[in-house]
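In: Fold the following and give me the result.
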Amino acid sequence: MAKGKKSTASANIVKKRGQGRTVTSELYTPKSDGVKPAHQSKPAKEVGTGSSVKESANVVATSTSSSKPPQPTSPSTAEAMFLFLVQFVVYVATLYPSIPGGDSGELVAVSCQLGVAHPPGYPLYTMVTHAFMQAIPFGTPAWRANLLSAIFASGCGTLLFFCTYKLSTSSTGANKPFLSVPFGAGVTTTTLFCFSRLTWMYSVTAEVFALNNFLCALLLGALVMFIEHPTLTYASLGAFLSGLAVTNQHTTVLFLVVMVPWVLYHRASLLITPVGVAALTAAVLIGLLPYAYMPISATANIANLTWGDQSTFYGFYKHFVREEYGTFDLGSRSTTDTTFFFRLWLQLSNFSQETFHIVLPSAALGILGLITSKSQLARTAAFPILGMLGFYMWFFTWRANLDINNTLLAGVHERFWMQPNAIIAICSGVGFAWVFNFQPIRKALGRQRNVTASALALLLLSAQLGANYQSRDESDNVAVMEFGYDIVNGLPPDAILLTLGDLPGNSARYLHHCEGVRSDLRIIDLEMMTFDWYVPMLKDKFPGVKFPGDRYSLEQGGFAMKQFFDENYDNFPIFVFQHVNPQDTTWQADYDVWHYGLTHKVVRKDYVLNVQEWFNNATAALPYHEQLPDPIKYDERTWEWVVREGYESSAIFLAIFFDRSVDRVQSTDDKILTLESALKIYNTLLERQPEIVPTYVHKNIGVTASNLLRYKQQEEVKDVVVKHWSIYLEKEPNDAQAQAMRQFIDAYSS
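Out: A predicted model of the protein is given here:
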C-alpha cells in the first residue's frame, strides 16, 4: 500500500531545471517530453539531489499498470484525411454554383475589388478570398469563393474530430486506425456539427462563417495541445490564432475572454515573464496584421465597392467596433420582445432537432465524462472548454437584439449559433465515448467494443447525410444569381439603379463588379449614401452622376432625394428597387415611381403614359422562370423565399399599376387598353405559375374586370368577374366586401 502511494505521488512530481527545486504540475504534463513545468505555489518533496524529469518519468514507469492514467493519443493521418475528404466531397457536391443571398454578394464583390466589407471589415476573409479566386483558373468568382468555404468547413470538422479524439482517450495503448472508441467519438462530433442543417448551409456558400468555424476549431486544437504540451511555442501559436481569428469575426472574443485568462493563470511562470510576454504580444500583433489592410485599401481608394473610410484613425476605429451597427448588438435599429430563456431554448431545440435529438443528451454525458475522466488532459480541458461555451451562450443570447419574430431576421440570428454548437458537438463526441467506456457496456461488448463504436458512429454519419442531403443540396440553386441578372438586364442603357436592402444590392453589385454584367449601369446604395463617407469616397466611381452634397440626409448639411432627382433626371433614366426612404417625401410633389419589371422607374409628374410602350417595356423586364425556389425546401428564413416573393409581387404590382393608371390616360381606348393590360399580366401569372398566386389575386382580377365594364360592356368581361370572385369567396367568405361581390354575382346569374 505504501509503495502504491509513493508511485502515485511520484507521478505528479517533476524537477524544474535551473532552480534547484521541484514543483507540482496542475496541468497535464507528458511523461518524457522534457518540457519545463510552470511554477506552482506549493513545493513538492524532493525526489533526490540532482533528479531530473527523465528520472521522475522512470519513477512513474515503475507504478502498476492499473494506476497509470490514460495517455492522450492522436488520430492517424489516414483517419484525419478520411474525415476531411468525406466532408469535402459532400460539400463540393452540394455547393452553390453562383452567388447566394445575404452578405455573400457584397463579400465576394469586395474581395474582387479589394475593397472593405461592412463592419467590422473582415480583412482576413477579403484577402484570402481574393488570393484564392486569383489562384483558381476555373469557375465564376462566386463559385470559387463558395469552394473556399467548403475547404474551411472541411478543415473545421477535421480539427473538431482531432480535439474529440484527444479528449476521449480511455486506455494507455495505441488505438487501431478506424476501429476505436476515440475514432467513433470524433466521427460523432464531426457528424453532428458539420452535417447539421445550419452548419452545412454555411459550408457551401461564400460567407465568413465557415472561416470563423475553422479558426475557432484551430483555437480549440491549440488549447488542447497546450494543455498536453505546455510550452511557449504552443502558447504563441494560440496567441497568433487569437489575433488572426479576431480579424475575421469578433464573436471569437467570446471564447478568448475565457481561454486567455485561464491559460495565463495556469502557466503564469512560463508566460508572465519578459520573454513570455514579448513572445505572446508579438504573436497577437502578427495575427492582427490583416487589419492593416483596411487603411491601406481606404487610402488607395481604387475599389469601386467599399464600406467606410478607414484612412483616418477614427474611421478605422468606428469600423472596427461596428459603431454603425451597434458595438455589442447584431443590428443598430433592431429590437426584440423575446425573452432570454426563449432565445436560449430556441438555439438548443434547433440543434437538437437537426441531430435526431441525440446531441443534447450525449453532450450532457460528455460534460460528465470530461469532469470525471481518468485522463488528466480531459479533466484539465473541461473548465476552459465548458467556460467558453457557457460565456458565449450567455453573452450572445443576452445581446442578440434582432427581431426573431421576423423569420428572415431569425435566419440571420441563428448563424451565430454555430460557434457554441461546435463545443456542444465535442461534448457529444466525448459523451459517445463515455457510453462505450461505461464499465457494464465495456464488459458486455468485450473485444467488440471498438468495432461497435466505430460502426455506430459511421452509421450515424450515414443517417445524418441521408436526412439532410436533399435539403442542403444547392448544386442547382441559381435563384439569387438569376434575380440579380433580371434586375440589371431589365434596365435601359446607362441607367442609375438605387437599391435598398441586401438581396438586390448585393446580387447586382456582384454581377456588376465581378462578372462585368451591365458595366454601363450606376448602382448606388441608398442606405450607404446616408453615411458621411460614401459620397466623398465613391462619387468618382459613378461617371456623370451629380451628388448635391456629401450625404443623403434630411438633416442640415445633407441633401434630399428631390435634389438628387433634379440633378440627374435629365441625364440618366433613374430606377429604384423597392422604395425610397419613406421618411423622405420631398420628391413626391414633383415625381412618381412607376412599376417597371422588378424595379420602379422615376418619372416626373407631367410624364405622359404611353400605355402600349410601357406595357411592352415593363413586361419585358419582368422575366418568367419555369421553376422558382421550392417553398418547402426554402422557408421564410431563406433568401430564396424572398426571391420567390419578389417575382410574385412584381407581377402583381405591375398589374395593379396598370389598373390604377386609368386616370393617367384620357381617351376611352387608352383606358380600356390600360385595364386589359392589367388583366393580361394577371392571366399570364395564373397560366405560368398558378402555385405561387395568392388568393387575393382572384379578387383583384374581379375588381379590374368590373372597372373594365364601365368602358366595355361585354359578356366575357362579366364572366371574368363572376368566375374570379366566386373562386375568391369560396376561400375568403368573410371578406369585408363579400356582400357586394355576392350581389354582383347574383345579379349577373339571374
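In: so who does the residue nearest to residue 506 when sequence neighbours are not counted touch?
Out: Spatial nearest neighbour of residue 506, excluding adjacent residues (C-beta to C-beta, 6 or more residues apart in numbering): residue 105 at 2.9 Å. Any C-beta I mention is one placed from the backbone N, CA and C, and that applies to glycine too. Contacts for residue 105 were tallied using C-beta atoms under 8 Å, 6 or more residues apart in numbering; they are 99, 480, 484, 502, 505-510.
In: Helix or strand: which one has the closest residue to residue 642 other than its chain neighbours?
Out: Excluding its sequence neighbours, the residue lying closest to residue 642 (C-beta to C-beta, 6+ apart) is residue 503, at 5.5 Å. Taking DSSP states H and E as the criterion, residue 503 maps to helix 502-514.
In: what's the distance between the next helix or strand along the chain from that helix and the middle of its chain?
Out: With elements assigned by DSSP H and E, the helix or strand that comes after helix 502-514 is strand 522-525. From the chain centre to the centre of strand 522-525 is a distance of 25 Å (C-alpha atoms, centre = their mean, to the nearest Å).
In: State the paired neighbours of strand 522-525 in the sheet, together with their directions.
Out: Here strand 522-525 is paired, per DSSP bridges, with strand 496-499 (parallel).
In: If you count neighbours, what's buried in the strand it pairs with?
Out: By neighbour count on 16 or more other C-beta atoms under 10 Å, the buried set for strand 496-499 is 496-499.
In: Tell me, how many residues neighbour the nearest residue to residue 384 once chain neighbours are set aside?
Out: Leaving out its chain neighbours, the residue that sits closest to residue 384 by C-beta to C-beta, 6+ apart is residue 262, at 4.5 Å. Here the number of neighbours of residue 262 (other C-beta atoms under 10 Å) works out to 17.
In: Begin at 186 from now on, thanks
Out: Okay, residue one is now 186; in that scheme the one you just asked about reads as residue 447.
In: Distance check, residue 447 against residue 565.
Out: When distance is defined by C-beta to C-beta, to the nearest Å, residue 447 is 10 Å away from residue 565.
In: what does residue 642 give?
Out: Going from residue 642 to residue 565 by C-beta to C-beta gives 25 Å.
In: out of those two, which sits in the busier spot?
Out: More crowded of residue 642 and residue 565, by other C-beta under 10 Å: residue 642, with 24 against 20.
In: Next, that one: phi, psi?
Out: Dihedral pair for residue 642: phi -60, psi -40, per degrees, to the nearest 10.
In: Contacts only, for it.
Out: Per C-beta under 8 Å, 6+ apart, neighbours of residue 642: 368-370, 372-373, 376, 617.
In: For residue 471, give me its contacts.
Out: Contacts of residue 471 (C-beta under 8 Å, 6+ apart): 425, 428.
In: Read off the pLDDT value for it.
Out: Note on residue 471: pLDDT of 98.
In: Just the buried positions in the helix or strand it falls within, please.
Out: For residue 471, the host element (DSSP H and E) is helix 459-473. Residues of helix 459-473 classed as buried by neighbour count (16+ other C-beta under 10 Å): 461, 464-465, 468-469, 472-473.
In: What ranges does the stretch 736-885 of the chain have for its helices?
Out: 746-753, 796-805, 824-845, 853-873, 881-893 (DSSP state H, counting those that start in this stretch).
In: ranges for the helices of the stretch 486-635 of the chain?
Out: For the stretch 486-635 of the chain, the helices defined by DSSP H, counting those that start in this stretch occupy 498-505, 525-538, 544-557, 561-584, 592-599, 603-622, 624-630, 634-657.
In: weakest of those helices in terms of mean pLDDT?
Out: helix 592-599 - the lowest mean pLDDT of these, at a mean of 87.
In: Can you tell me what sits against that helix?
Out: Applying C-beta under 8 Å, 6+ apart, the set of residues contacting helix 592-599 is 287, 383, 515-516, 519, 532, 535, 585, 587-589, 820-824, 826-827.
In: next one: it to chain centre, how far?
Out: On C-alpha atoms, centre = their mean, the centre of helix 592-599 falls 10 Å from the chain's centre.
In: could you point out where this structure is predicted with low confidence?
Out: Within the chain, the ranges that satisfy pLDDT under 70 run 186-256, 355-359, 511-520, 935.
In: what do you get if the cut-off is 50, keeping everything else the same?
Out: 186-251 (pLDDT under 50).
In: which one's the longest helix in it?
Out: helix 326-352 (DSSP state H).
In: about what we covered before: what about the residue nearest to residue 569, which helix or strand?
Out: helix 438-451.
In: Past that helix, which element shows up next along the chain?
Out: Next in sequence after helix 438-451, counting helices and strands by DSSP H and E, comes helix 453-456.
In: Can you give me the buried ones in that next one?
Out: Buried residues in helix 453-456 (16+ other C-beta under 10 Å): 454-456.
In: Kindly report the same for stretch 793-802.
Out: Buried residues in stretch 793-802 (16+ other C-beta under 10 Å): 796, 799-800, 802.
In: try stretch 371-388
Out: Under 16+ other C-beta under 10 Å, the buried positions of stretch 371-388 are 371-388.
In: Contacts for the helix or strand harbouring residue 384 next, please.
Out: According to DSSP H and E, residue 384 maps onto helix 382-386. Helix 382-386 has contacts (C-beta under 8 Å, 6+ apart) with 276, 279, 338, 378-379, 398, 535-536, 539, 599-600, 602-603, 606, 653, 656-657.
In: can you count the residues close to the closest residue to residue 832 other than its chain neighbours?
Out: If the residues on either side of it in the chain are set aside, residue 832 comes closest to residue 813, at 6.1 Å by C-beta to C-beta, 6+ apart. Close neighbours of residue 813, defined as other C-beta under 10 Å, add up to 19.
In: do the same with residue 418
Out: Residue 418: 12 neighbours (other C-beta under 10 Å).
In: what do you get for residue 930?
Out: 18.
In: That one and residue 909 touch, don't they?
Out: No: with contacts counted by C-beta atoms under 8 Å, residue 930 stays clear of residue 909, the gap being 10.5 Å.
In: Surely the residue nearest to residue 827 and residue 830 touch.
Out: No: here residue 688 lies out of contact with residue 830, judged by C-beta under 8 Å, at a distance of 10.3 Å.
In: ok, now which ones touch residue 934?
Out: residue 907.
In: how does it look with 10 Å?
Out: Residues in contact with residue 934 (C-beta atoms under 10 Å, 6 or more residues apart in numbering) are 907, 911.
In: now do residue 738
Out: Residue 738 touches 714-717, 744-745, 766, 769, counting by C-beta under 10 Å, 6+ apart.
In: can those go into JSON lines with extra columns for neighbour count?
Out: Formatted as JSON lines, these follow (neighbours: other C-beta atoms under 10 Å):
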{"residue": "714", "neighbour count": "21"}
{"residue": "715", "neighbour count": "17"}
{"residue": "716", "neighbour count": "17"}
{"residue": "717", "neighbour count": "14"}
{"residue": "744", "neighbour count": "20"}
{"residue": "745", "neighbour count": "18"}
{"residue": "766", "neighbour count": "16"}
{"residue": "769", "neighbour count": "16"}
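In: Right, I'll leave it there.
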